[in-house]
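In: only geometry, no sequence info:
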Ligand code: GRF
């Protein structure tokens, strides 16, 4: 059987991408990394992808001479790659409708909070952790979810709670959250690769994938 193929979109430092690549290299994540695409030429993600030997693309409105050609280029890369799943790892832009059309119920994201809290437009990157601290939250967490055309509203696949120690800075919260992201994201991608999580053809946001017994292998609360 052909190996499961993933593509990654990333804009930032790329530590989640690195965690995926580390598990691919160790053989624990049985998947091929078909490409990494970034809208940011200076992203750590692109540098990490190149160091890994992955196909790395910088695609933006700037490189392609406009948003429309940039979306077209993304589509070409995806179609040529034959990926089974698109993994967003710190991708700061909305995925355009044309890309959703190519990958229905096959786009996964990780959000650094417990959705639906601290999600939606404006809640990205460090802003999420600042808002969590500002609000005095005692817990935050990670949410791994399917992506649909509304920001942060797709089906939830896995959530983990992360305690916020009193007096924590947003930086400290970010570091704790990121640690959990690196532990769990690859395991969810692995479940897709093994067919334990299966995309459906449903248009209902909450039924994008079948989780089967996937959650059984995770303790319900793991602080
Ligand atoms: C992570 O916290 C992720 O949840 C969010 O952006 C951050 C990306 O970090 N979507 P990195 O680029 O993977 O280091």
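Out: Good, I have the coordinates. The structure presented is a predicted model; accordingly, all values stated were derived computationally and were not measured.

In: what residues sit buried inside stretch 9-25?
Out: By neighbour count on 16 or more other C-beta atoms under 10 Å, the buried set for stretch 9-25 is 9-21, 23-24. Yep, even glycine has a C-beta here, placed from its N, CA and C like the rest.

In: measure residue 119 to residue 24 for me?
Out: 28 Å (C-beta to C-beta, to the nearest Å).

In: and residue 203, by the same measure?
Out: 32 Å.

In: find the closest residue to the ligand in the chain.
Out: For the chain and the ligand, the shortest gap (C-beta to the nearest ligand atom) falls at residue 90, measuring 2.7 Å.

In: now that residue. Its backbone dihedrals?
Out: Note on residue 90: its backbone torsions stand at phi 70, psi 40 [degrees, to the nearest 10].

In: so who does the nearest residue to it once chain neighbours are set aside touch?
Out: What sits nearest to residue 90 in space, not counting adjacent residues and going by C-beta to C-beta, 6 or more residues apart in numbering, is residue 12, at 4.2 Å. By C-beta atoms under 8 Å, 6 or more residues apart in numbering, the contact set of residue 12 is 40, 43-45, 90, 92, 125.

In: if we can go back for a sec, so the residue of the chain closest to the ligand is in contact with residue 10, correct?
Out: Yes: the pair residue 90 / residue 10 is scored as a contact, 5.2 Å apart, by C-beta atoms under 8 Å.

In: just give me the neighbour total for the residue of the chain closest to the ligand.
Out: Residue 90 is flanked by 26 other residues according to other C-beta atoms under 10 Å.

In: mind listing what it touches?
Out: Counting by C-beta under 8 Å, 6+ apart, residue 90 touches 10-17, 45, 110, 125.

In: cool, residue 132 as well?
Out: Shown in contact with residue 132 (C-beta under 8 Å, 6+ apart): 113, 118, 140, 164, 170, 173.

In: tell me which element it falls in.
Out: Per DSSP states H and E, residue 132 falls inside helix 126-134.

In: one step back: hang on, the residue nearest to residue 90 is in a helix, isn't it?
Out: No: using DSSP: H, G, I helix; E, B strand; the rest coil, the assignment for residue 12 is coil, not a helix.

In: can you pull the phi and psi angles for it?
Out: The phi/psi pair for residue 12 (degrees, to the nearest 10) reads phi -110, psi -140.

In: longest helix in the chain, please.
Out: Counting by DSSP state H, the longest helix found in the chain is helix 170-193.
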